[in-house]
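Asks: Kindly generate the corresponding structure for this input.
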Amino acid sequence: MTRQMRTRRDFLKTAAAAGLSAGSALAISRSAHAAGSDELKFALIGCGGRGTGAAADCMTVQKILGHKIRLVAVADAFEDRAKGALRHLKKEFPQQVDVPPERVFSGLDAYQKAIDCGVDLVVMASPPGFRPAQYAAAIKAGKHVFMEKPCCTDAPGFRSLMQTNELADRKNLKVVVGLQRHHEAGYIRGVQEIHEGKLGDVVYIRVYWNGLGGGGRDLGKRPPDDPNEMAFQVRNWGCFRWLYGDNIVEQHVHNIDIANWVMAKDGDFKKAHPIEANGMGGRCNRGNYGDIFDHHFVEFTYADGTKMFSQSRHIPGTWDQVTEIVHGTKGTRSVNVGHGPKLESGNPYHQEHVDLIKAILNDTKLNEGWFGAVSSMTAVLGRMATYSGQIVKWDEAVAKGPDESPERLAWDAKPRSLPGPDGFYPFPMPGVYKAY
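Replies: Coordinates of the predicted model:
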């Protein structure tokens, strides 16, 4: 059976099992970067706009820390995107890009070829539905990882992430997640002051990502000369929940993550999540926007009774708001206080890579995969509540939440969501959709 034809579930099970049982799991792979080496080599997996930006952010660290950083491989599902990103990055960083044609990979298995190029670090920015399997492959191979948020789009993906996080800790590998507020001075100081009691006891938290648009777009009618449904969905990944997660997962995870951070007073992100959610949502935008919603409202409840009220929306002409506000017994304010500790960079997109490279060079413990996974699953929990219109419990959602990905990942395979006779994709109906 080829790698491309293996099911996602089989891959996640075998990757986790092989990594956790192997005798070498307790040691860093030979390919992992050793402290004192004069350069760090990385591969980019996922060559869209965010991936190109993340690779640029990583290479910018060379000017900040003075350590040589080289891009040596790129991979994407589509050859044109891999080559397009490479052209852009070569122009911007001519001395740091060393990617010959034989290290430009495309296809659904391209990520593994990039991982196997002798790199120290993998930068992952492919559609989120691919993240758990790609993360598992990188950690199994002994690579440090930067992965964009969200880290999963469903419960099976979350379970895989948590297994891989354990393996990353065993191998002493460094992991950073693109929830860049954790590397922004104003948020660092703001959360610290809340944990120190400046607002008293937290009563409830309001979080928003209300915007005019996002990853989804009107797909219109499928062109008659575009028969490959899998390729169509992967190229238009922002319209399909198995790849995108819906806007509550792909974008609003930033704000949801801040609430979880506020609730993680002891630093244990594995426990800092809501225990249930209920909500409502739907779609107002007319057109063929795949199988996702364009608005969500969720009431999350934490174990101590604290509430998080969450809004996310992608509708033109509506109130545009992206923020996080904490209400405490001693006051109310935004989490971001606008000032904080002095960092190497005032740009959090650069600073997250600075912190990752420093951890690699100094061999200090750093695994953001834990809060990346938990916050991503929190957003999935909220989506399950809005889709179903029911109260959804964390433990049941994690254990029984459906696998949103295709049973087989290959260009000739069929995704679970297919267009009807009118060319439109069905989307969930609250009261009909079952969370699990």
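Asks: For the protein, just list every one of the strands.
Replies: With DSSP state E as the criterion, the chain has strands at 39-45, 68-76, 104-106, 121-124, 144-147, 175-177, 202-211, 276-282, 295-301, 307-314, 321-328, 331-334, 392-393.
Asks: helices and strands around the last one, which ones?
Replies: It stands for strand 392-393. strand 276-282, helix 369-388 (3 or more C-beta pairs under 8 Å, 6 or more residues apart in numbering; DSSP states H and E). Bear in mind the C-beta positions are built from the backbone N, C-alpha and C, glycine included.
Asks: Is it possible to get a markdown table of the ones you listed that adds mean pLDDT and mean neighbour count?
Replies: Shown next, in a markdown table, are these (pLDDT from 0 to 100; neighbours: other C-beta atoms under 10 Å):
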| stretch | mean pLDDT | mean neighbour count |
| --- | --- | --- |
| strand 276-282 | 98 | 20 |
| helix 369-388 | 98 | 28 |
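Asks: Which of these sits closest to A136?
Replies: Taking C-beta to C-beta, helix 369-388 is the member of the helices and strands packed on strand 392-393 nearest to A136, at 10.9 Å.
Asks: How far off centre is the closest one?
Replies: The chain centre lies 11 Å from the centre of helix 369-388; the measure is C-alpha atoms, centre = their mean, to the nearest Å.
Asks: Taking strand 276-282 as reference, get the angle to that helix.
Replies: Here the directions of helix 369-388 and strand 276-282 differ by 50 degrees (axes from the mean of the first three to the mean of the last three C-alpha atoms, to 10 degrees).
Asks: Between strand 295-301 and helix 369-388, find me the angle.
Replies: 120 degrees.
Asks: Low-confidence ranges, the stretch 201-350 of the chain, go.
Replies: Scanning the stretch 201-350 of the chain for pLDDT under 70 picks out the ranges 224-226.
Asks: thinking again about what came up before, out of the helices and strands packed on strand 392-393, nearest to N236?
Replies: Closest among the helices and strands packed on strand 392-393, using C-beta to C-beta: helix 369-388, at 19.0 Å.
Asks: Measure how the closest one sits relative to strand 307-314, angle-wise.
Replies: Counting by the same axes, to 10 degrees, helix 369-388 lies at 70 degrees to strand 307-314.
Asks: Quick check: closest non-adjacent residue to the residue in the chain sticking out farthest from the centre.
Replies: Relative to the mean C-alpha coordinate of the chain, counting by C-alpha atoms, centre = their mean, the farthest residue is K330 (34.2 Å). Excluding the flanking residues, the one nearest K330 by C-beta to C-beta, 6 or more residues apart in numbering is G200, at 3.3 Å.
Asks: list the contacts for that neighbour?
Replies: G328, T329, K330, G331 (C-beta atoms under 8 Å, 6 or more residues apart in numbering).
Asks: 7 Å instead?
Replies: G328, T329, K330 (C-beta atoms under 7 Å, 6 or more residues apart in numbering).
Asks: can you tell me how far the first one sits from A185?
Replies: Here G328 is placed at a distance of 21 Å from A185 (C-beta to C-beta, to the nearest Å).
Asks: Kindly report the same for F42.
Replies: Distance from F42 to A185, by C-beta to C-beta: 26 Å.
Asks: and what of Y302?
Replies: Counting by C-beta to C-beta, the gap from Y302 to A185 is 26 Å.
Asks: Which one's more surrounded, F42 and A185?
Replies: F42 (27 against 19; other C-beta atoms under 10 Å).
Asks: I'd say the more buried one and D57 touch.
Replies: No. Using C-beta atoms under 7 Å, F42 is not in contact with D57, being 11.4 Å away.
Asks: I'd like the contacts of G200 as CSV, with distance to F232 appended.
Replies: Formatted as CSV, the contacts of G200 follow (distance: C-beta to C-beta, whole Å):
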residue, distance to F232
G328, 48
T329, 52
K330, 53
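Asks: Could you point out which of those residues is nearest to I360?
Replies: G328 (37.5 Å).
Asks: what's the neighbour count on the closest residue to A85 other than its chain neighbours?
Replies: Nearest residue to A85 in three dimensions, chain neighbours excluded: C47, at 3.6 Å (C-beta to C-beta, 6+ apart). Using other C-beta under 10 Å, C47 has 29 neighbouring residues.
Asks: From here on, call the first residue 48.
Replies: In the new numbering, first residue 48, that becomes C94.
Asks: Switch the helices and strands packed on strand 439-440 over to JSON lines; also include distance to A157.
Replies: Converted to JSON lines, these look like this (distance: least, C-beta to C-beta, whole Å):
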{"stretch": "strand 323-329", "distance to A157": "34"}
{"stretch": "helix 416-435", "distance to A157": "22"}
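Asks: And those: which comes nearest M171?
Replies: Comparing those by C-beta to C-beta, helix 416-435 comes nearest, at 11.1 Å.
Asks: Mind giving me the packing neighbours of the closest one?
Replies: helix 202-217, strand 222-224, helix 294-297, helix 300-310, strand 323-329, strand 342-348, strand 439-440, helix 441-447 (3 or more C-beta pairs under 7 Å, 6 or more residues apart in numbering; DSSP states H and E).
Asks: Just want the angle from it to helix 202-217.
Replies: Using the same axes, to 10 degrees: helix 416-435 against helix 202-217 is 170 degrees.
Asks: re the thing from before, mind checking how far the residue farthest from the centre of the chain is from W308?
Replies: K377 is 19 Å from W308, by C-beta to C-beta.
Asks: again, but for A482
Replies: 26 Å.
Asks: what separates the residue farthest from the centre of the chain from E213, distance-wise?
Replies: 38 Å.
Asks: Next: G429.
Replies: Distance from G429 to E213, by C-beta to C-beta: 25 Å.
Asks: which ones are touching the residue nearest to V345 when sequence neighbours are not counted?
Replies: With sequence-adjacent residues excluded and distances taken as C-beta to C-beta, 6+ apart, V345 is closest to G326, at 3.5 Å. Applying C-beta under 7 Å, 6+ apart to G326 gives the contacts H343, F344, V345, E346, G429, A432, T433.
Asks: contacting residues for the residue lying closest to K115 once chain neighbours are set aside?
Replies: Residue nearest to K115 in three dimensions, not counting chain neighbours: E86, with 3.8 Å by C-beta to C-beta, 6+ apart. Applying C-beta under 7 Å, 6+ apart, we find E86 in contact with K115, I116, R117.
Asks: ranking the helices and strands packed on helix 416-435 by burial, who's on top?
Replies: helix 294-297 (a mean of 30; mean count of other C-beta atoms under 10 Å).
Asks: Now do the contacts for R178.
Replies: Contacts of R178 by C-beta under 7 Å, 6+ apart are M171, M194, C198, C199.
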